[in-house]
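**Q** Kindly generate the corresponding structure for this input.
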Amino acid sequence: MYLLKSFLANVLVASALATVPMLAQADAMDDINKNGTLTIAVQTQGPPVSFIDKNGERAGLAIDIARMFAEDMGVKLVIQDYDWKGLIPALTSGKADLIAADMTPSAKRNMQVLFTNPVFYLETVAFANKDKHFKSWQALNNPEITVGATQASSYADAAKKFLPQAQLKEFGGGNAQTVQAVVSGRADAGISDRAQIATFVNATPELEVLDGTMTKEPLSFATRPDSVHLLLALNNYIRLIEIDGRLKERTDYWWNSTAWEADHK
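**A** Numbers count the residues shown, from 1 in each chain. From the prediction side, this is the model:
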């Protein structure tokens, strides 16, 4: 009798636990279906991920992918802007359904949100004014040197890890603020990714990218922990656009080249 009761109790607990993710999945997609909208949190930090282009339109790699996803689901895309440090709070508080940004799926962030499969990848690099005569990013590991990076970003994490002797200054507002700090002399060098900083370097002749790559990292979109259905739908969609070639076409256009500049800059 004891064994039977114990067995039945375990069955009931297992059944209850099994229903939790199913309910969460239904709730997440029910809201999108009911409202007919997919709300994304972005940081309009500049090209090529998310920005306002020369025509006053939303543009960028993350915007294109999110727009395709919404269109293929048959819902309206709603875009909300936040500082980088405000993206995760906006998501977890329910203000947005997902984060569409170039976010590294770190273990620390994964304690708060769920990440999709990688959407694209970045190479972390350092940049500086040419008159500083830094040869490589390793030359920045000096207590007399100040490096800048986006606040609470993987760039700042890379600086802490690989340049522990340098002084780190973190800036809100994305790469644009870091670039401005370097150009104005408030920082000796900056940390960013190769794709995004290429745009700033091309527009600012006094800047250069230093030799070497600090890190190579995957970049993902993110959902709330209870949005399992949405997460699975996103992962499925990423696979679909990989197979049909749309992801490569968008990545080549926005991330792996400067082809987008003629149309949007």
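**Q** Helices along the chain, start to end?
**A** When secondary structure is read from DSSP state H, the chain shows helices at 2-35, 61-73, 87-92, 107-110, 154-162, 175-184, 194-203, 228-243, 246-254, 261-264.
**Q** Go through those and name the closest to residue 100.
**A** Comparing the helices of the chain by their distance to residue 100 (Cβ to Cβ), the top pick is helix 61-73, with 4.3 Å. To be clear about C-beta, it is placed using only N, CA and C from the backbone, and glycine gets the same treatment.
**Q** Okay, and the beta partners of residue 125?
**A** For residue 125, the beta-bridge partners under DSSP bridges are residue 192.
**Q** Now do residue 111 against residue 262, distance only.
**A** In this structure, residue 111 and residue 262 are 42 Å apart, going by Cβ to Cβ, to the nearest Å.
**Q** whoops, residue 55 was the one
**A** 13 Å.
**Q** Please identify which of the helices of the chain is closest to residue 128.
**A** Nearest to residue 128 among the helices of the chain is helix 175-184; the distance by Cβ to Cβ comes to 6.4 Å.
**Q** List the buried residues for that closest one?
**A** 175, 176, 177, 178, 179, 180, 181, 182 (16 or more other Cβ atoms under 10 Å).
**Q** likewise stretch 28-47?
**A** With burial defined by 16+ other Cβ under 10 Å, the residues of stretch 28-47 counted as buried are 28-29, 31-32, 38-47.
**Q** Start and end of it, how far apart?
**A** The stretch stretch 28-47 measures 30 Å between its terminal residues, going by Cα to Cα, to the nearest Å.
**Q** Report the mean per-residue pLDDT for that stretch.
**A** Model confidence over stretch 28-47 averages 88 on the pLDDT scale.
**Q** Tally up the residues packed near the closest residue to residue 264 other than its chain neighbours, please.
**A** Sequence neighbours aside, residue 53 is the residue nearest to residue 264 in space, at 3.8 Å (criterion: Cβ to Cβ, 6 or more residues apart in numbering). Residues within reach of residue 53, counting by other Cβ atoms under 10 Å, total 16.
**Q** Got the confidence number for residue 53?
**A** pLDDT, residue 53: 93.
**Q** what does the one 4 residues further on give?
**A** pLDDT, the model's per-residue confidence, is 93 for residue 57.
**Q** thinking again about what came up before, now the helices of the chain as TSV including distance to residue 132?
**A** What follows is the helices of the chain, written out as TSV (distance: least, Cβ to Cβ, whole Å):
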stretch	distance to residue 132
helix 2-35	49
helix 61-73	30
helix 87-92	32
helix 107-110	32
helix 154-162	16
helix 175-184	9
helix 194-203	14
helix 228-243	40
helix 246-254	30
helix 261-264	26
